[in-house]
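1. need a 3D model of the sequence below.
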Amino acid sequence: MTQALFYNIGSLVRVEDQGRGKKSGRMMQEACEIRGAYLVTHGEKIESLGPMKDCPSPNGFDESVDCSGRIVLPGFVDSHTHVLYAGDRAEEFEMRSRGMTYEEIVKAGGGIKRSVEQVRNASEEELVAATYPRLHEMIAHGTTTVEIKSGYGLSLQEELKMLRAIRRLKGEVPIEIHATFMGAHDIPTGVQRENYLNLLVDEMIPAVARERLAEFCDVFCDRGYFTPEETRKIGVVAKEHGMKLKIHANELGETGGAEVAVELGALSADHMIHLGEGQFRVLKGGKTIVTLLPGTSFFLKFPYAPARKLIDNGIAVALATDSNPGSCTTLSIPFILNLATTQMGMTPAEALVATTLNGAAALGIAGRIGSLEVGKEADLIVTKPMTHLREIPYRLAQNPCWRIYKGGNLVAENPSGLA
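-> Okay, the predicted model is just below:
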């Protein structure tokens with residue numbers, strides 16, 4: 001196995017969890033930096049790390065990387081995306097620029113249903129080809145692990161087509177991919193609500209489970225979509241079939257999504273813009289990660305989720321792109337870091353924890369990725385020339401990444417100078 005030495009690291013940002021599996025509340029301030037450091041990888045794992053005074057000689061390593069005072073941090077974990085789709089919804093973007101609201105566009109035939117039409121008209125091969133470059137752009141911006149949802153098929157065969165396309169991408173792109181079945185994204189046009197619910201629980205979930213196409217099941221539990229009672233019914237069946245749960249909750253109103261996510265033991269409750277005092281108490285008492293998606297708020301001119309209050313209440317917060325064709329097209333976690341710090345009251349350290357360790361926790365994999373610790377997988381970002389973590393969100397709309405490593409392997413390299 002290849003052994004590599006990274007030395008002359010200006011700041012090694014470890015985000016170590018010391019076996020806790022996530023950081024909550026004030027612990028999210030702990031970026032755990034070593035100023036002046038080295039790190040050794042052996043195969044896919046981190047073998048050792050520490051201050052430069054303890055750095056071994058570069059001689060004898062298969063690869064030696066002089067980081068020249070740059071920052072080294074964990075690869076980003078994007079734990080909520082809809083990045084597999086066909087076509088685009090740029091027309092809706094222009095409609096919003098002319099003053100139409102998201103819900104008005106949906107009533108006019110846009111929104112999720114427009115993407116459903118486009119996906120149904122695309123082959124599995126076309127979905128793979130369309131998504132391939134998006135994933136490479138994510139990698140170039142430092143994302144080494146991504147979750148991808150179905151949900152633009154809304155029929156048995158079309159949802160299976162999406163999930164099979166996701167499975168194919170796992171073998172074609174050097175990024176770790178986790179698949180989520182989201183047949184409960186909307187009620188398809190022309191299908192009675194009760195009939196579609198029965199299709200979800202009686203046919204779709206069992207079929208996905210038989211082919212082992214998805215680790216997670218997600219439900220859009222919100223105003224105009226699925227009720228808490230429907231979400232509970234779908235979630236119970238999904239768990240019976242071995243899937244872990246993720247819930248779209250409280251994006252459009254206080255509709256019970258937070259409560260049902262905690263009740264069902266969902267790994268994450270995502271969006272969470274509208275929260276009353278009762279929801280803060282429920283979330284603090286549960287183990288569910290709250291995944292916030294500020295890119296969608298930015299894109300749709302929605303309110304931002306109350307990140308500062310969630311953290312101050314001792315709740316574990318993750319951040320993700322929500323990359324999708326209609327409400328947030330970004331592929332860049334660094335842009336999400338900027339929004340978190342400028343619009344949501346998070347510090348740079350909290351935002352980094354939310355896109356690394358807590359993002360991994362939202363996928364149930366924080367035991368092996370999300371922080372730089374001996375024995376964990378060597379998912380690394382070496383930044384362009386910069387000396388402090390705060391420079392990453394400070395440099396608006398710039399890519400801070402120089403080299404990106406997944407499991408110790410170099411998977412992307414960008415020009416090293418700052419634009």
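2. all helices for the stretch 51-200 of the chain, in order.
-> Assigned by DSSP state H, counting those that start in this stretch, the stretch 51-200 of the chain shows helices spanning 90-97, 102-107, 112-120, 124-140, 156-170, 193-199.
3. in the third one, what counts as buried?
-> In this case it means helix 112-120. For helix 112-120, burial by neighbour count (16 or more other C-beta atoms under 10 Å) applies to Ile112, Lys113, Arg114, Ser115, Val116, Gln118, Val119, Arg120. Any C-beta I mention is one placed from the backbone N, CA and C, and that applies to glycine too.
4. now the helices of the stretch 51-200 of the chain as a markdown table including distance to Ala351 and mean pLDDT?
-> Below are the helices of the stretch 51-200 of the chain laid out as a markdown table (distance: least, C-beta to C-beta, whole Å; pLDDT from 0 to 100):
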| stretch | distance to Ala351 | mean pLDDT |
| --- | --- | --- |
| helix 90-97 | 26 | 91 |
| helix 102-107 | 25 | 83 |
| helix 112-120 | 28 | 93 |
| helix 124-140 | 17 | 98 |
| helix 156-170 | 27 | 98 |
| helix 193-199 | 38 | 98 |
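5. mind putting the ones you listed into a markdown table with distance to Ser24?
-> Below are the helices of the stretch 51-200 of the chain laid out as a markdown table (distance: least, C-beta to C-beta, whole Å):
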| stretch | distance to Ser24 |
| --- | --- |
| helix 90-97 | 35 |
| helix 102-107 | 32 |
| helix 112-120 | 32 |
| helix 124-140 | 27 |
| helix 156-170 | 30 |
| helix 193-199 | 35 |
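6. end to end, how far does stretch 7-19 reach?
-> 26 Å (C-alpha to C-alpha, to the nearest Å).
7. that older thread, which of the helices of the stretch 51-200 of the chain sits closest to Thr2?
-> Taking C-beta to C-beta as the measure, the helices of the stretch 51-200 of the chain were each checked against Thr2, and helix 124-140 came out nearest at 19.5 Å.
8. what's that closest one packed up against?
-> Applying 3 or more C-beta pairs under 8 Å, 6 or more residues apart in numbering; DSSP states H and E, we find helix 124-140 packed against strand 143-149, helix 156-170, strand 401-406, strand 409-413.
9. list the contacts of the first one.
-> Identification of contacts with strand 143-149 by C-beta atoms under 8 Å, 6 or more residues apart in numbering yields 75-84, 131, 135, 138, 166, 169, 175-182, 185, 216, 218, 320, 331, 333, 359-360, 363, 365, 369, 379, 404-406, 411.
10. among the residues you listed, which ones are buried?
-> By neighbour count, with 16+ other C-beta under 10 Å, the contacts of strand 143-149 hold 75-84, 131, 135, 138, 166, 169, 175-182, 185, 216, 218, 320, 331, 333, 359-360, 363, 365, 369, 379, 404-406, 411 as buried.
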